[in-house]
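# just the structure for this:
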Amino acid sequence: MEGCHRQPTDWYCKQLKALKYAIAGIELLATDSWQHQYDLSLVLHEEAAETAYLSGDFLAMEQWVAIVLQEARTILDEVKVHEVTIKTYVAQTHKLDAIKVGLQVLAKLGLNLPIVSIWWRSRMPCSRKGNSKFCHIEKGKGLGF
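Residues are numbered from 1 along each chain as shown. Modelled structure (predicted):
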């Protein structure tokens, strides 16, 4: 495996092996597996997405997530890959993107949070001092996502 020549038992190499096995399992599925082996297809694609994330292959993670989101039957079937997406955004220090995904998933689940209230509460010094770059957000306008 690439990058595993020194210590093939380290954590990173284990993630690469897990990804390789998930992909091998996906390749063994029938072309109509999402119709006839839905649970197995879902689990293997979720594992591929998560192990791609854990091994740092964010592009591959996005591809596996896209497949799950396209084939998932319910929002509950999407939750695992949304979690992986959120973790990926956090790992890349894209925290607002992570929050955006989380809020979108919660909205799909029927839980709409008052975004501005959360935003203002997390920026309380801004609302008191009035000199932060975040103070330009008008109450009730949201964050633009």
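# tell me the centre residue of this protein?
Thr85 (1.1 Å; C-alpha atoms, centre = their mean).
# so how far is Tyr38 from the closest residue to Lys95 other than its chain neighbours?
Spatial nearest neighbour of Lys95, excluding adjacent residues (C-beta to C-beta, 6 or more residues apart in numbering): Tyr89 at 7.0 Å. Backbone N, C-alpha and C define where each C-beta goes, glycine included. Tyr89 sits 28 Å away from Tyr38, taking C-beta to C-beta, to the nearest Å as the criterion.
# swap in Ile26?
14 Å.
# might you list the low-confidence residue ranges for the protein?
Along the chain, the parts satisfying pLDDT under 70 run over 1-9, 114-145.
# more neighbours, Tyr89 and Tyr38?
Neighbours around Tyr89 and Tyr38, counted as other C-beta atoms under 10 Å, are more numerous at Tyr89. The numbers are 19 against 14.
# does the residue nearest to the centre of the chain count as helix, strand or coil?
Assigned state for Thr85: helix (three-state reduction, DSSP: H, G, I helix; E, B strand; the rest coil).
# quick one, what contacts it?
Thr85 makes contacts with 61-62, 65, 98, 101, as judged by C-beta atoms under 8 Å, 6 or more residues apart in numbering.
# where do the helices sit along this structure?
Secondary structure of the chain (DSSP state H): helices at 11-28, 33-36, 38-54, 58-71, 75-91, 95-108, 115-122, 124-129.
# winner for burial among the ones you listed?
Burial of the helices of the chain is given as mean neighbour count (mean count of other C-beta atoms under 10 Å); helix 38-54 ranks first at a mean of 21.
# about what we covered before: and the residue nearest to the centre of the chain, how far is that from Ala52?
From Thr85 to Ala52 the distance is 11 Å (C-beta to C-beta).
# can you pull the residues that touch both of those two?
By C-beta under 8 Å, 6+ apart, the residues touching both Thr85 and Ala52 are Met61.
# the residue nearest to Lys95: what's it in contact with?
Neighbours of Tyr89 in contact, by C-beta under 8 Å, 6+ apart: 95, 97-98, 101.
# between those, which sits nearest Ala30?
Val101 (31.2 Å; C-beta to C-beta).
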